[in-house]
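Enquirer: Kindly generate the corresponding structure for this input.
(one chain, ligands or ions: 1)
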Amino acid sequence: MALTVAPAGNSQDLLARARRIHAEAVGIDSHIDTIQRALNGGEDLSRRTAGGQVDLPRLREAGMRAPFFALYVPTYYKGSEAVRRTLQLRDAMQQLFDAHPDQIELALNAADVERIVKAGKISAMLTIESGHAIADDLAALRMFHRLGVRSMTLTHFRNNNWADSSTDNPQHNGLSEFGREVVREMNRIGMIVDISHVSDKTFYDTLAVTTKPVIASHSSCRALVDVPRNMTDDMIRALAKNGGVIGINFGASFLSQKDVEASRRVFAARAAVEPNLNGKALDEFAKQDYLETYSVMKPNQATIEDAAVHIDHVVKLVGVEHVGIGSDWDGISTVPAGLEDVSKMPALTALLLQRGYSESDVKKILGGNFLRIMRQTIGQ
Ligand SMILES: [Zn+2]
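Expert: Presented below is the predicted three-dimensional model:
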């Protein structure tokens, strides 16, 4: 970890170095919501799109070739409706795989990720957001695993029937007994447990039961920005002790204290949505909900520098082995200046180089750390 000596270099040199590193790195981002744009907006992700933050050409251009594609199910999908929604998202991913086998391929483990990236394609790891998608049934969890899902966040903005969320009132005092069973089953079948969105108590309960490293796929640092979705320094230390990794979220309200008030209102409004519909009517509601929330980016004050500061905070606290990128692209309604979409990622790397990070440090952040977690949790 070379953090003390900052190698000199003008910003053009640093950006050129950053681009070379991105050309060589795996480029893992542990949380993007991009498949929503295909399902809800009918967008063709194989082409460069005008809106949004990610598509396949921009992933290639950025050298971020191995994102985790989230199958995000809003909490207003209840019970078996949530299972159905997860299948729709899985199907949307399959349509992308089938239409463009030359561009993108499903990855089931770390070896797949490395092979697919080496072949010049985008590697897609599938992750479920969030735990209510299994409808309180381990059979559904196991079958999602069979469909290629390799990680799952335990909660989203609301509590579910077995785990408390960071943005809801405590109901289970953390993880219920069934919630502990979910974690054990994920450990057993080889699915990464993702603690982004859970309450602090749920986080510590999860660490007490898991036998494998866990991840926070898209959270930032609460010491810098005081929102419940971010992790305290104590939590980051506990995560590192567990061998886990935190992927830094680029939403403005995760990165800049100046944007927190607006985010509180947004989170509260998001959590309060209860359409009380089902079937096609619910799907239509979800479509409009997504398009209205995420199609236009809201003004904010966060910058790309803030993202570098959050990464650096984790590195100084617990070392470079425990941090990664978890942008939340296409699932955030605010993007930092200078980091407006995935194509800007080399500029973030240039800032890390400017801070004295070595190329091997940067490569750990750009995927090496998450590959380690995959090997430890999923196996080969
Ligand atoms: Zn999320």
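Enquirer: Hmm, Ala124 is touching His100, no?
Expert: No: judged on CB atoms under 8 Å, Ala124 makes no contact with His100 at a distance of 10.8 Å. (Glycine included, C-beta is placed from N, CA and C.)
Enquirer: Who has more neighbours out of the two?
Expert: Between Ala124 and His100, counted using other CB atoms under 10 Å, the more crowded position is Ala124 (26 against 17).
Enquirer: In terms of helices and strands, where is that one?
Expert: strand 122-129 (DSSP states H and E).
Enquirer: mind checking how far that strand is from the chain centre?
Expert: Distance of strand 122-129 from the chain centroid (CA atoms, centre = their mean, to the nearest Å) equals 9 Å.
Enquirer: do the same with stretch 85-98
Expert: With CA atoms, centre = their mean, you get 18 Å for stretch 85-98.
Enquirer: what angle do the longest helix seen in the chain and strand 122-129 make?
Expert: Scanning the chain for the helix with the most residues, using DSSP state H, yields helix 80-99. Orientation check (axes from the mean of the first three to the mean of the last three CA atoms, to 10 degrees): helix 80-99 against strand 122-129 gives 180 degrees.
Enquirer: packing partners for the next helix or strand after helix 80-99?
Expert: Next helix or strand after helix 80-99 toward the C-terminus (DSSP H and E): strand 104-106. Counting contacts by 3 or more CB pairs under 8 Å, 6 or more residues apart in numbering; DSSP states H and E, strand 104-106 is packed against helix 80-99, helix 110-118, strand 122-129.
Enquirer: Rounded mean pLDDT for the first one, please.
Expert: Predicted confidence along helix 80-99 averages 98 (mean pLDDT).
Enquirer: now the helices: where do they sit in the stretch 251-380 of the chain?
Expert: 252-255, 260-272, 279-294, 304-318, 345-354, 359-363, 369-377 (DSSP state H, counting those that start in this stretch).
Enquirer: Tell me which of those helices is the most buried.
Expert: Of all those, helix 252-255 has the most neighbours on average by mean count of other CB atoms under 10 Å, namely a mean of 29.
Enquirer: can you list the residues that contact the longest helix of the chain?
Expert: 35-36, 38-39, 45-46, 69, 71-74, 77, 104-106, 124, 126, 128, 132-135, 140, 144, 147-149, 278-279, 282-283, 286 (CB atoms under 8 Å, 6 or more residues apart in numbering).
Enquirer: Just the buried residues from the residues you listed, in ChimeraX please.
Expert: Those of the contacts of helix 80-99 that count as buried under 16 or more other CB atoms under 10 Å are selected in ChimeraX with:
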select :35,36,38,39,45,46,69,71,72,73,74,77,104,105,106,124,126,128,132,133,134,135,140,144,147,148,149,278,282,283,286
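Enquirer: quick one: buried residues of stretch 110-118?
Expert: Ala110, Asp112, Val113, Glu114, Ile116, Val117.
Enquirer: which among the residues you listed gets closest to Ala208?
Expert: Of all these, Ala110 has the smallest distance to Ala208: 26.4 Å, by CB to CB.
Enquirer: Excluding residues flanking it in the chain, which one is nearest that closest one?
Expert: Met374 (4.1 Å; CB to CB, 6 or more residues apart in numbering).
Enquirer: can I assume that neighbour is in contact with Asn109?
Expert: Yes: here Met374 reaches Asn109: they are 6.1 Å apart, a contact under CB under 8 Å.
Enquirer: Which neighbours do these two have in common?
Expert: Residues touching both Met374 and Asn109 by CB under 8 Å, 6+ apart: Arg150.
Enquirer: Check for me that Phe69 belongs to a helix.
Expert: No: read with DSSP: H, G, I helix; E, B strand; the rest coil, Phe69 is strand and lies in no helix.
Enquirer: what bridges to it?
Expert: As for beta bridges, Phe69 partners with Ile32, Leu126 under DSSP bridges.
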